[in-house]
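Peer 1: Please work out how this folds:
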Amino acid sequence: MDLEARGHSEHPEALRLWLRLLTCTQLVEKQVRTQLREQFDTTLPRFDLMAQLERSPEGLKMNELSRRMMVTGGNVTGITDQLVNEGLVERVEVTGDRRAYRVRLTARGRKQFDEMARQHEAWIVAAFEGLSAREVESLHRLLGKVKQHHTDQLSASKLEAA
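Peer 2: Residues are numbered from 1 along each chain as shown. This next block holds a predicted model:
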């Protein structure tokens, strides 16, 4: 029996759906973490940091990396230090601000990330092979509606607070 199916009949179907989504997310993430460790000797947080840098070739300040990754500055600093030591990222001074610097991928880091990203994409595609293309599109559309609903609620609550 699925863990999320343990819910009793008095629980709303929406709660059971949430638990199913959470379980699926955890299963896919566990598989990705395992594959990153086994194939590339790296972690998901390191992959995520490199992904953010790949999207910003000019580099990002540490506080921006922290915000985008939704982790503390200390976490970003620790990961960055490791990647700098391995020659995968570099720190570059910010003109006009002696206290700040940008972090960006090195050529070696870009090459390694490209390989990891191709594999990552294949793992994610494989995770949804149990669904038809039409089912994937439908699930994507439906989850988009959930996302839009919450975005609208957040916007409305910000307007009320102002």
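Peer 1: What segments of the protein are strands?
Peer 2: Per DSSP state E, the chain carries strands over the ranges 60-61, 89-94, 97-105.
Peer 1: Check which helices and strands the lowest-mean-pLDDT helix or strand in the chain sits against.
Peer 2: Lowest mean confidence among the helices and strands of the chain (mean pLDDT, DSSP states H and E): strand 97-105, at a mean of 89. The contact analysis (3 or more CB pairs under 8 Å, 6 or more residues apart in numbering; DSSP states H and E) places strand 97-105 against helix 44-54, strand 60-61, helix 62-69, strand 89-94. Any C-beta I mention is one placed from the backbone N, CA and C, and that applies to glycine too.
Peer 1: Just the CA atoms of it, as CSV, please.
Peer 2: The C-alpha coordinates for strand 97-105 follow below in CSV (Å, rounded to 0.1, in the frame of the first residue of the first chain):
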residue,chain,number,x,y,z
ASP,A,97,32.3,47.3,-4.7
ARG,A,98,35.4,45.9,-2.9
ARG,A,99,33.3,43.8,-0.6
ALA,A,100,31.3,42.0,-3.2
TYR,A,101,32.2,39.5,-5.9
ARG,A,102,30.4,37.4,-8.5
VAL,A,103,30.6,33.7,-8.7
ARG,A,104,30.6,32.1,-12.2
LEU,A,105,31.3,28.8,-13.8
